[in-house]
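>>> fold the following, please.
(2 chains)
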Number of protein chains: 2
Amino acid sequence: MGGRIFNFNAGPAALPLPVLQEIQREMLDYGGTGMSILEISHRSKPFEEILDDAVVRIKRLLKLDARHHVLFLQGGASMQFLMVPMNLALPGAAVAYVDTGTWSTKAIKEARNLGKEVAVVASSQDRDFSYIPKEIPVPSDAAYLHVTSNNTIRGTQFHRFPESGGVPLVSDMSSDIFSRVFDVEPFGLLYAGAQKNAGPAGVTLVVIREDMLERVPKALPTMLSYRTFVEKKSMFNTPPCFAIYVVRLVVKWLEETVGGLEAMERVNRRKAALLYDYLDSQDFYRGTAQKDSRSLMNVTFLLPDAQLEQAFLEGCAAAGLGGLKGHRSVGGFRASLYNAVPLEAVEALVEFMKEFARKNG
Amino acid sequence: MGGRIFNFNAGPAALPLPVLQEIQREMLDYGGTGMSILEISHRSKPFEEILDDAVVRIKRLLKLDARHHVLFLQGGASMQFLMVPMNLALPGAAVAYVDTGTWSTKAIKEARNLGKEVAVVASSQDRDFSYIPKEIPVPSDAAYLHVTSNNTIRGTQFHRFPESGGVPLVSDMSSDIFSRVFDVEPFGLLYAGAQKNAGPAGVTLVVIREDMLERVPKALPTMLSYRTFVEKKSMFNTPPCFAIYVVRLVVKWLEETVGGLEAMERVNRRKAALLYDYLDSQDFYRGTAQKDSRSLMNVTFLLPDAQLEQAFLEGCAAAGLGGLKGHRSVGGFRASLYNAVPLEAVEALVEFMKEFARKNG
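Residues are numbered from 1 along each chain as shown, chains lettered A, B, ... in the order given. Next comes the predicted model:
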């Protein structure tokens, strides 16, 4: 595609080109309805089929079963930071959190804001959130244990989820959902803003296990209760139709073109290995995450000299490599290697980095 | 456009064809970025320009001033049903509501759910919500007076807003925002799910006047406080970028192609008059809203015999007229004549209705 760049944005992020092409192709007339997907009723058969198909595919991809409800909400992970404790806390029990940086810190703050008793059972703040804590003691009576599975800003990721001894896990998977195989069994709930691996900004996936619904207080505002979304199948009110439509195209692509999460994980491991192996082979660039905690999704690194940063970004732009600036809170660089980023993009990036190091090293 | 139908959907609803064409044209490469609008960072310059331009145009269209903040939220009007009382109620004062059917009834329920003292100061329930109450006594110490400016389901609309004697008006304008000129002065807040007159589903416009912010309790959850959205200019977290991008295209179309709200209102009055004049000229179809309360946006009507309903819908479909089925809660038919529905669509509908009446009358 002439004009398209290699997109390493952290989110909103790259989408599969065939998905974008399909959106483009049918923008004026969805499936012979004579209307754009943006113009059809959420109560119409064509839209209900989209939503149902998205749910079926997500259940298949994540190996969910009859106990699991797949929901589409709005407000991003930030809205889940409050809905999770509001819905899933238990009277007299603490809610447990692991603090691995910005997003988990925000989730903790929001739970405390609600007056919940929050136990931060592990944290990597002591070394600037550059690693995933190994020792995670879970109080056996905690209502849940919340983890951020992948930390986009710090470039760290849980490679194994904590042994929680029966305490339901809750995870913010915004930046690594659908990127790898994992066992859903210990999870009571997981959620993901779609705009990294699952679709565009504007919809949040929530997977909730049936038994969690018993905890949901009866008196919650309608739009803040998971029960509403389960009972109305995400259609209490008008859902974010277009974003759900795109999520459905993305999960269809994952199943039919990529071949499922095992295949996707293999590609993702190759992509990450290519970049990390290069980082480990030289001493111009420096990776910021501890090796055993490195994210397959977000590779964070620094240059030897901040003076070079502008030239690096300009060189990237000239080479058709975009979105590499690190998060404004930490600086440096970040290559996000989400599902839709092809291997060739990472190859091009490594080539550019080699050349840049050669010229400036 | 071959294949496109005349779309009378109640929401999500028709969008201007030039807007859809522009979305289609730049789907793979937004403004020379080499990325789709779905793939660019919300913190990037191109997206910030979109959001800023949308705000400027909305302020111009609604004749807002420096006291007004234009915000983009998620969750639809249903989320505003709880955010309004949560943010704008005052200790010791009632919140006042006018009940004109389904959506205001839901807004009232949500305010009560939160434990607020709700005064329903007027209601048209006695005659099946077929009219807008004329006598609306507003307690002078009410925190606000909430009205639903247009009632999509019942086909009624406030043609003049209540005299509230200094009590701030709050209005759900989901289905008539940008359809006509109105004086924003008495409003403390107004909100609108975009999916009728302003864009696609997935974003809610909120206009809040500066002085209302003083009421917002400090301890609210971050994502439920208007203060968050004002302070962070709708960017506390990732906003629904695509929906905002489309809203910006729609308000640009309103300003540059239609010529502003005065011009839009003239067209909307012609469209509605065409259909209402026909309804009043015959006795096959029967309009359901009281004449003085008729909506310019949603024209609701019944056939003389429910047996004919299926044939009517099939005839519509064959004639390329879609979305005419009434809301599932009330039945009958509804033609939604939002901004993007052209006069020719209404002409085609009236022609079809005449022909159908002739054959079946």
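>>> can you show me the helices along the stretch 1-150 of chain A?
A:17-25, A:45-61, A:76-88, A:102-113 (DSSP state H, counting those that start in this stretch).
>>> enumerate every residue touching the closest residue to A:Gln80 other than its chain neighbours.
Closest residue to A:Gln80 apart from its sequence neighbours, by Cβ to Cβ, 6 or more residues apart in numbering or on different chains: A:Tyr191 at 4.5 Å. C-beta: built from backbone N, CA, C; applies to glycine. A:Tyr191 makes contact with A:73, A:77, A:80, A:84, A:171-174, A:204-207 under the criterion Cβ atoms under 8 Å, 6 or more residues apart in numbering or on different chains.
>>> same thing but at 10 Å, please
A:71, A:73, A:76-77, A:79-81, A:83-84, A:170-174, A:177, A:204-208 (Cβ atoms under 10 Å, 6 or more residues apart in numbering or on different chains).
>>> can I get the helices of the stretch 1-150 of chain A in a markdown table including mean pLDDT and mean neighbour count?
Shown next, in a markdown table, are the helices of the stretch 1-150 of chain A (pLDDT from 0 to 100; neighbours: other Cβ atoms under 10 Å in any protein chain shown):
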| stretch | mean pLDDT | mean neighbour count |
| --- | --- | --- |
| helix A:17-25 | 98 | 17 |
| helix A:45-61 | 98 | 17 |
| helix A:76-88 | 98 | 24 |
| helix A:102-113 | 98 | 20 |
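>>> export those as JSON lines, with columns for distance to A:Phe6.
Conversion of those to JSON lines gives the following (distance: least, Cβ to Cβ, whole Å):
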{"stretch": "helix A:17-25", "distance to A:Phe6": "12"}
{"stretch": "helix A:45-61", "distance to A:Phe6": "26"}
{"stretch": "helix A:76-88", "distance to A:Phe6": "26"}
{"stretch": "helix A:102-113", "distance to A:Phe6": "26"}
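>>> partner residues bridging the residue nearest to A:Ile108 when sequence neighbours are not counted?
Sequence neighbours aside, A:Tyr97 is the residue nearest to A:Ile108 in space, at 4.9 Å (criterion: Cβ to Cβ, 6+ apart). Beta-bridge partners of A:Tyr97, counted by DSSP bridges, are A:Val120, A:His146.
>>> distance between the helix or strand containing A:Glu351 and the chain's centre?
In the assignment (DSSP states H and E), A:Glu351 maps to helix A:343-360. Distance of helix A:343-360 from the chain centroid (Cα atoms, centre = their mean, to the nearest Å) equals 26 Å.
>>> just stretch A:113-128 next, same as before
On Cα atoms, centre = their mean, the centre of stretch A:113-128 falls 21 Å from that of its chain.
>>> around chain B, which positions in the stretch 251-361 of chain A sit nearby?
A:317, A:320, A:322-323, A:325, A:327-328, A:340 (Cβ under 10 Å from any Cβ of the partner chain).
>>> tell me which of those residues fall in strands.
Under the assignment DSSP state E, these contribute A:Gly322 to strands.
>>> any buried residues in stretch A:196-215, and which?
Across stretch A:196-215, burial judged by 16 or more other Cβ atoms under 10 Å in any protein chain shown covers A:196-209, A:212-213, A:215.
>>> can that stretch be found next to chain B?
Yes - contact of stretch A:196-215 with chain B (Cβ under 10 Å from any Cβ) involves A:196, A:199-204.
>>> what mean pLDDT would you report for that stretch?
Computed over stretch A:196-215, the mean pLDDT rounds to 98.
>>> endpoints of it, how far apart?
30 Å (Cα to Cα, to the nearest Å).
>>> for stretch A:167-186, buried residues please.
Per 16+ other Cβ under 10 Å, stretch A:167-186 contains these buried residues: A:167-180, A:182, A:184, A:186.
>>> pLDDT score assigned to A:Glu351?
Looking at A:Glu351, its pLDDT is 98.
>>> ditto for A:Met1
pLDDT for A:Met1: 44.
>>> return the list of helices and strands in contact with the helix ranked longest in chain A.
Longest helix in chain A by number of residues (criterion: DSSP state H): helix A:261-280. For helix A:261-280, the packing partners by 3 or more Cβ pairs under 10 Å, 6 or more residues apart in numbering or on different chains; DSSP states H and E come out as helix A:45-61, strand A:286-287, strand A:298-302, strand A:333-336, helix A:343-360.
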